[in-house]
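**Student:** Got a sequence here, can you model it:
(one chain, ligands or ions: 2)
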Amino acid sequence: MKKLLLCGSAVLALALSSCSSVAPVPETIAAAPATVAAPAKPTVDEARAFLAAAEKEMAEFSQRASRIAWVQATYINDDTDWLAARSGSEGVQLAVRLANETKRFEGVDLPQDLARKMQTLRAGITIPAPTGAAVADELATITTRLESTYATGKFDLDGQTLDLDGLSDIIESSRDPNKLKAAWEGWRTVSPAMKGDYARMVEIANEGARELGFANVAEMWLSNYDMPPEAMEAEVERLWSQVEPLYKELHCHVRAKLNETHGDAIQPKTGPIRADLLGNMWAQTWGNIYPLVGVKASDPGYDLSKILVSRKYDEEKMVRTGEAFFSSLGFAPLPDTFWKRSMIKKPADREVVCHASAWNIDDEDDVRIKMCTQINAEDFQTVHHELGHNYYQRAYNKQDYLFRTGAHDGFHEAIGDFVALSITPEYLKEIGLINKVPPASADLGLLMNQALDKIAFLPFGLMVDKWRWEVFRGEVTPAGYNDAWWKLRQQYQGVAPPGPRPADAFDPGAKYHIPGNTPYLRYFLSFVMQFQFHKAACEQAGWTGPLHRCSIYGNKEVGQRFNAMLEMGASKPWPDALEAFTGTREMDGSAIEEYFAPLMVYLKQQNAGRQCGW
Ligand code: X8Z
Ligand code: ZN
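**Tutor:** Ligands and ions are numbered 1, 2, ... in the order given. Alright, predicted model coming up:
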């Protein structure tokens, strides 16, 4: 029941990390009367036996639950929704029972490995419920409905019924502001129906968190990083302050270019950027508008999306190419079952959850991905992202059950992206996708392309859970959900909706991870850490050139050191895992700063005389 999948309905998922000691929780049991002997403190052996039994029970449950979840996600109908809700309810009841049972061991001086497992059991339920079958049933019905509503959402535009993929195609390629606005607003007609369910889910989950000794779900989520939750929140601020200046410069330049393209009436020179103009449904990555903002004199001279199409890549070839990269690092090929059981192509005849995800069905070798793959550069990157999850899952599958997960959830998200940072022109030439490596004069173009995805993402990666923390903490009530969302969108990303939002709008629900209940801080952490991994790997490879030209393709020594980190899973505090690969124990934005340093110089020159900020 933990980690059935990464990036799917995560209600049952035990979170992906644990702490080195059990955090103190408020006393919940009144002191026994003096005349009655207090029950004997449990021993370390009892704790070990309890954990072994819990791991066995969870592993067994997960065998069935993960298959039910897979069938539902790849074949949505009323019956699979029913099955998923039933199984989800059983899973949350099991997780809550085991989490409550850890209370018995509070105050027992446990060895580090046992303490970590106790902490994972107690804090690792993404969306908990209070004890009781009826409330667990209600919660699971709600969470299943939220995800299915998102996955099956449609909107009629110009006489055509479009799903998220169809509407996204418009956002990604059209330059017509009216059409962009219609597609952008159209997708957001899917989410108002979710709002009541979402608000009720928050109530139930917070009650569940309180029963387990947390103030609310936000505190619970932040308790999975081997440090007190307040310290983790401060860490996140520290990392953001490192990368914010780069984002501000990029925003300023992109806004100026959009102003040149669309004129003052559509995109003014000052203030926030219109969210539908950035080439992505959520304005989270901006690579699709590279042609509008690219560095003319420094263009790399190739378009990977076009090349993949012209070279007749199909869905399988995209994934096989990703697999070959991991093989070049020394990883064993994916098992035959991966190819038989994965869903890598959007089925024409049924509803599925298209949002890409990676699964390990049996917690051993039955790894799979689920993607509605499109033949373009973005999905080429996503294929590597998903495979990163699968290779991590396989690397740690010899650990104890509760340690078969990432060192923290940001590690899990960073693995495949780190590998994909090595998709350099040199690599593309090596695998025959381009004929000529662009000269150093193309560096700014290459960096701009990368920044539009990697730097643009950072404030979005941060604000999604800032919103959820406010919601779970009760700082924002359902009446204020949408305004709070746009306040954060404006504050961090400097984007605004293309027009006033309707009174019933629930725009957070139009982003997969909100109805899908997948925590989002992991991606912010990943986007910082993947550059740390890249820099460390390039140093290990003896690379002395600019970081964005370094590829570790084919480097088995780096692969070995990388694997040493992956194999640890969550068995040690995450700084130990980070150190095993990078030699440092801290998350740090200086690698991403170094990677983009030449672009920062260029952006500052371009922005001279412009009024930046919003
Ligand atoms: O959800 C994902 C992955 C699956 S874990 C496709 N990502 C985030 C998103 O799409 O919003 C990857 C980067 C950010
Ligand atoms: Zn992922």
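
**Student:** In the stretch 201-350 of the chain, what residue lies closest to ligand 1?
**Tutor:** With Cβ to the nearest ligand atom, the shortest gap between the stretch 201-350 of the chain and ligand 1 falls at Gln284, namely 6.0 Å. Backbone N, C-alpha and C define where each C-beta goes, glycine included.

**Student:** those helices in the stretch 401-550 of the chain, which residues are they?
**Tutor:** For the stretch 401-550 of the chain, helices defined by DSSP state H, counting those that start in this stretch occupy the ranges 409-420, 425-430, 443-472, 481-488, 521-540.

**Student:** Kindly export stretch 344-359 (C-alpha atoms) in CSV.
**Tutor:** C-alpha atoms of stretch 344-359 as CSV (Å, rounded to 0.1, in the frame of the first residue of the first chain):
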residue,chain,number,x,y,z
ILE,A,344,2.9,3.7,-23.5
LYS,A,345,0.3,4.7,-26.0
LYS,A,346,-3.0,6.4,-25.5
PRO,A,347,-5.8,3.8,-26.1
ALA,A,348,-8.4,5.0,-28.5
ASP,A,349,-11.3,3.0,-27.1
ARG,A,350,-11.4,3.8,-23.4
GLU,A,351,-10.8,6.3,-20.7
VAL,A,352,-7.4,6.3,-18.9
VAL,A,353,-5.4,8.5,-16.6
CYS,A,354,-3.1,10.0,-19.2
HIS,A,355,-0.8,11.8,-16.7
ALA,A,356,2.5,10.0,-16.9
SER,A,357,3.4,7.7,-14.0
ALA,A,358,5.8,4.9,-13.1
TRP,A,359,4.8,1.8,-11.1
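
**Student:** What residues of that stretch count as buried?
**Tutor:** Buried residues in stretch 344-359, counted by 16 or more other Cβ atoms under 10 Å: 344, 351-359.

**Student:** near ligand 1, anything from it?
**Tutor:** Yes - counting by Cβ under 6 Å from any ligand atom, ligand 1 has neighbours in stretch 344-359: 356-357.

**Student:** where's the residue in the stretch 501-614 of the chain that ligand 1 sits nearest to relative to Met463, distance?
**Tutor:** Residue of the stretch 501-614 of the chain nearest ligand 1, by Cβ to the nearest ligand atom: Tyr523 (4.4 Å). According to Cβ to Cβ, to the nearest Å, Tyr523 and Met463 sit 11 Å apart.

**Student:** One more: Ala54?
**Tutor:** Distance of Ala54 to Met463, given as Cβ to Cβ: 36 Å.

**Student:** again, but for Val217
**Tutor:** Separation of Val217 from Met463 (Cβ to Cβ): 17 Å.

**Student:** ok so, going back, ok, how many other residues are close to the residue of the stretch 501-614 of the chain closest to ligand 1?
**Tutor:** As a burial measure, Tyr523 scores 25 neighbours (other Cβ atoms under 10 Å).

**Student:** Also Leu258?
**Tutor:** 22.

**Student:** For it, which non-adjacent residue is closest in space?
**Tutor:** In this structure, Leu258 finds its nearest non-sequential neighbour in Gln267, 4.3 Å apart by Cβ to Cβ, 6 or more residues apart in numbering.

**Student:** And Pro519, by the same measure?
**Tutor:** Excluding the flanking residues, the one nearest Pro519 by Cβ to Cβ, 6+ apart is Trp221, at 5.5 Å.

**Student:** I'd say the one you found and Thr518 touch.
**Tutor:** No - with contact defined as Cβ atoms under 8 Å, Trp221 does not reach Thr518; the gap is 11.1 Å.

**Student:** Those two: which has the busier surroundings?
**Tutor:** Trp221 (27 against 24).

**Student:** now the more buried one: how far from Ala456?
**Tutor:** Here Trp221 is placed at a distance of 24 Å from Ala456 (Cβ to Cβ).

**Student:** what mean pLDDT does stretch 393-412 have?
**Tutor:** Across stretch 393-412, pLDDT averages out at 98.

**Student:** Figure out the length between the terminal residues of that stretch.
**Tutor:** Terminal residues of stretch 393-412 are spaced 9 Å apart (Cα to Cα, to the nearest Å).

**Student:** Make 18 the first number, not 1, from now on.
**Tutor:** Sure, I'll start counting at 18 from here, so that last one is stretch 410-429.

**Student:** Same drill for Val234 and Met480, tell me which one is more crowded.
**Tutor:** Val234 (27 against 20).

**Student:** show me where pLDDT drops low in the chain?
**Tutor:** By pLDDT under 70, the low-scoring segments of the chain are 18-53.

**Student:** contact partners of stretch 427-437?
**Tutor:** The contact list for stretch 427-437 (Cβ atoms under 8 Å, 6 or more residues apart in numbering) reads 23, 33, 342-343, 346, 398, 401-406, 408-409, 422-423, 538-547, 550-551, 554, 569, 582-583, 591, 594-595, 604.

**Student:** and the next element down the chain from the helix or strand encompassing Asp96?
**Tutor:** According to DSSP states H and E, Asp96 maps onto helix 95-118. Following helix 95-118 in sequence order, the next helix or strand is helix 129-140 (DSSP H and E).

**Student:** Tell me the helix or strand right after that following helix.
**Tutor:** Later in the chain than helix 129-140, the nearest helix or strand by DSSP H and E is helix 150-168.

**Student:** Tell me which other helices or strands that following helix touches.
**Tutor:** Applying 3 or more Cβ pairs under 8 Å, 6 or more residues apart in numbering; DSSP states H and E, we find helix 150-168 packed against helix 95-118, helix 212-228.

**Student:** how about that helix against ligand 1, any contact?
**Tutor:** No - on the criterion Cβ under 6 Å from any ligand atom, helix 150-168 is out of touch with ligand 1, staying 12.6 Å away.

**Student:** And that helix, how far out from the chain middle?
**Tutor:** In terms of Cα atoms, centre = their mean, to the nearest Å, the centre of helix 150-168 is found 21 Å from the chain centre.

**Student:** Could you do stretch 268-281 as well?
**Tutor:** On Cα atoms, centre = their mean, the centre of stretch 268-281 falls 29 Å from that of its chain.

**Student:** next one: stretch 158-171
**Tutor:** 19 Å.

**Student:** So what touches that stretch?
**Tutor:** With Cβ under 8 Å, 6+ apart, stretch 158-171 has contacts from 25-26, 28, 89-90, 93, 98, 101-102, 105-106, 144, 178-181, 204, 207-208, 210-211, 214-215, 217-218, 221, 368-372, 526-527, 529, 532-534.

**Student:** Out of these, which end up buried?
**Tutor:** The buried subset of the contacts of stretch 158-171 - by 16+ other Cβ under 10 Å - is 25-26, 28, 89-90, 93, 98, 101-102, 105-106, 144, 179-181, 204, 207-208, 211, 214-215, 218, 221, 368-372, 526-527, 529, 532-534.

**Student:** sorry, back to before: and of the buried residues of stretch 361-376, the nearest to Asp331?
**Tutor:** Ile361 (9.3 Å; Cβ to Cβ).

**Student:** Please report phi then psi for the closest one.
**Tutor:** Main-chain torsions, Ile361, degrees, to the nearest 10: phi -110, psi 0.

**Student:** how many neighbours does the residue lying closest to it once chain neighbours are set aside have?
**Tutor:** Computed as Cβ to Cβ, 6+ apart, the closest residue to Ile361 that is not its neighbour in sequence is Glu332, at 4.6 Å. Here the number of neighbours of Glu332 (other Cβ under 10 Å) works out to 19.

**Student:** from memory Glu332 sits against Pro364, does it?
**Tutor:** No - contact between Glu332 and Pro364 fails when scored by Cβ under 8 Å: they sit 11.7 Å apart.
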